Structure formats: C-alpha cells, structure tokens
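Peer 1: Fold the following, please.
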Amino acid sequence: MAASMSAVVRATTRKGKLPPRAALVLTQAAVDRIKVLMKNQPETIGLKVSVKQRGCNGLSYTLEYAKEKVKWMRKSIKMVYES
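Peer 2: Okay, the predicted model is just below:
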C-alpha cells in the first residue's frame, strides 16, 4: 500500500523575490548638497564612488565628479560606478 502525503500551502501578498538592499543610501540633505556642488562643475554628469584598499584597516571610499558614461540614478543624481 502507498504511503500518504500532505502539504500546506499558504497565500502571500508578496510577488517575486524581495528587492536587494541598496549599496548606497543618500539622505535628502546629501542630495541637495551634491546638486549645489555639481552646479559649480558644468562638465560633470554625476558622482563617482570608488572603493580602495587602505592600510591594514580595510577599505576607503572616495567621491569624485564623474565625466563618463552614466550607469544608474538615485534620487535624481546620476551615479557612475567603477568596476
């Protein structure tokens, strides 16, 4: 005789996978300040964020004006990432 099986199915309101956590979060104050700084640099198209190895403590993050291809936008500021 065959063994019987049972399963429970639960409904959920979420569709698909959860969105990934943002790698960079900008406050509204940061967005406003970056916009002011970029007005003084008319050739700039966005903000470049780099991560560099520094000493024995780990990583250092640097910000520069970007003049190259735009990769994505966050809160109306064009962001360029370095691979």
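Peer 1: Name the helix or strand for the closest residue to residue 64 other than its chain neighbours, please.
Peer 2: For residue 64, ignoring the flanking residues on the chain, the nearest one in space by CB to CB, 6 or more residues apart in numbering is residue 48 at 4.5 Å. (Each C-beta comes from the backbone N, C-alpha and C, glycine too.) Element membership for residue 48, per DSSP states H and E: strand 46-54.
Peer 1: Residues in contact with the helix or strand just after that strand: which ones?
Peer 2: The element immediately downstream of strand 46-54 (helix or strand, assigned by DSSP H and E) is strand 58-66. In this structure, residues lying in contact with strand 58-66 by CB atoms under 8 Å, 6 or more residues apart in numbering are 38, 41, 44-54, 78-80.
Peer 1: what's the neighbour count on the residue nearest to residue 64?
Peer 2: By the criterion of other CB atoms under 10 Å, residue 48 has 18 neighbours.
Peer 1: what pLDDT does it get?
Peer 2: Here, the pLDDT recorded for residue 48 equals 78.
Peer 1: for the one 10 residues further on, same thing?
Peer 2: Among the per-residue scores, residue 58 holds a pLDDT of 82.
Peer 1: what about it, distance to residue 42?
Peer 2: Applying CB to CB, to the nearest Å, one obtains 35 Å for the distance of residue 58 from residue 42.
Peer 1: For this protein, which segments are assigned as strands?
Peer 2: When secondary structure is read from DSSP state E, the chain shows strands at 46-54, 58-66, 72-74, 77-81.
Peer 1: Might you list the low-confidence residue ranges for the protein?
Peer 2: Counting by pLDDT under 70, the ranges of the chain that qualify are 1-19, 69-83.
Peer 1: let's go with 80 and repeat that
Peer 2: Per-residue confidence of the chain (counting by pLDDT under 80) places the weak regions at 1-25, 46-52, 54-57, 68-83.
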